[in-house]
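Chemist: pasting a predicted model and its sequence here:
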Amino acid sequence: MSVLRLAGFPVAPVRVLCEDESVIGAAFYVMDFLAGRVLRDGALPELPVAERAAYHWEANRVLARLHQLDWAQLGLQGYGRAGGYFERTVRRWSQQYRAAAAVTGEIPPMERLADWLPGHIPAGADEPACTRLTHGDFRMENLMFHPERPEVVAVMDWELSTLGHPLSDLAYCCTAWHLPPGLLRGLGERVDGVPSERAFVQRYCEQAGLAPEDVLAHWPLYMAFSLFRISAILAGIGVRARQGNAANARASDIAALAEPVAEMAWRIASGQQPPLHV
């Protein structure tokens, strides 16, 4: 975050990092308070219809800006591994899911996805040249906007950030168009004033200098991958809920969505469901 701040990217100024767990029982850091708004629901119900698109376009701009940063020049060579992101991440989340399944039970579409994904990674996508700094959890809820206008003043929650593939961030952000409203803060059906998923992807491609047709050609893989990852996380929440140490009071309800999300991912991967909302 300190490096990003110096690069002019919107994050809160960080004052101190303490890695001595004896102080409060865990490592921690202190950052500045910023005045702003966190709009947790991507449908933006608190905003007039005519203003909603501007907030999504600003989120889009900031995401593209993140992926344009030169991580090597910023001294972040040790922040992750260059190349192999999809292969490595599919393997890791497959392991995480199977560890959870040993406690909560197997999810058949997750088993199918774990077999399907490695064989459908786009050619060249795991080459080191594709590596960018990625947020890992980029969505409306993790952005703080200016108190009065559609301007991101801080991107928050960097716990899943790493060196990865930029389209994993884009696709994860776009899962909102596929997920139902409620616990997972999806958009569900088309929301007045909110751009379509296709428009969002095309705008990102314009800003990132990518050909939309090349990105959309592999969109089923990117979307299935993102939903697979979400389902694995939900399965892990299910374990914590069963053990009684989940932080969220509605953890059991959230974890119950692991199988529906995985089923959606499998329908997209197998061509039974369109991978893109237009």
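Modeler: Noted; the coordinates are in hand.

Chemist: all strands for the chain, in order.
Modeler: For the chain, strands defined by DSSP state E occupy the ranges 14-18, 28-31, 132-134, 143-145, 152-155, 162-164.

Chemist: the fifth one: which residues count as buried?
Modeler: Applying a neighbour-count criterion of 16 or more other C-beta atoms under 10 Å, one finds 152, 153, 154, 155 buried in strand 152-155. For the C-beta atoms, the positions are set from N, CA and C on the backbone; glycine is no exception.

Chemist: do the same with the third one
Modeler: Neighbour-count burial for strand 132-134, counted by 16+ other C-beta under 10 Å, picks out 132, 133, 134.

Chemist: my guess is the last one meets residue 167, correct?
Modeler: To tie it back to what came earlier, the one meant is residue 134. No. Between residue 134 and residue 167 there is no contact, the gap being 9.4 Å when judged by C-beta atoms under 8 Å.

Chemist: which neighbours do the two share?
Modeler: With C-beta atoms under 8 Å, 6 or more residues apart in numbering applied, the contact sets of residue 134 and residue 167 do not overlap.

Chemist: hang on, residue 275 packs against residue 215?
Modeler: No. With contacts counted by C-beta under 8 Å, residue 275 stays clear of residue 215, the gap being 11.5 Å.

Chemist: got the CA positions of stretch 72-80 in CSV?
Modeler: Included here for stretch 72-80 are C-alpha records, laid out as CSV according to Å, rounded to 0.1, in the frame of the first residue of the first chain:
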residue,chain,number,x,y,z
ALA,A,72,8.9,-4.5,-11.2
GLN,A,73,9.8,-0.8,-11.4
LEU,A,74,7.9,-0.3,-8.2
GLY,A,75,10.1,-2.9,-6.5
LEU,A,76,7.4,-5.6,-6.0
GLN,A,77,9.3,-8.5,-7.6
GLY,A,78,9.0,-10.5,-4.4
TYR,A,79,5.2,-9.9,-4.1
GLY,A,80,4.4,-13.1,-6.0
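
Chemist: name the residues that touch that stretch?
Modeler: Contacts to stretch 72-80, defined as C-beta under 8 Å, 6+ apart, come from residues 3, 4, 7, 71, 131, 133, 161, 162, 163, 164.

Chemist: do you know the pLDDT at the third one?
Modeler: Residue 7 is assigned a predicted lDDT (pLDDT) of 97.

Chemist: ok, the closest residue to residue 179 other than its chain neighbours - contacts?
Modeler: Closest residue in space to residue 179, ignoring its immediate chain neighbours: residue 186 at 2.7 Å, by C-beta to C-beta, 6 or more residues apart in numbering. When contacts are counted by C-beta under 8 Å, 6+ apart, residue 186 is found next to 42, 175, 176, 177, 178, 179, 180.
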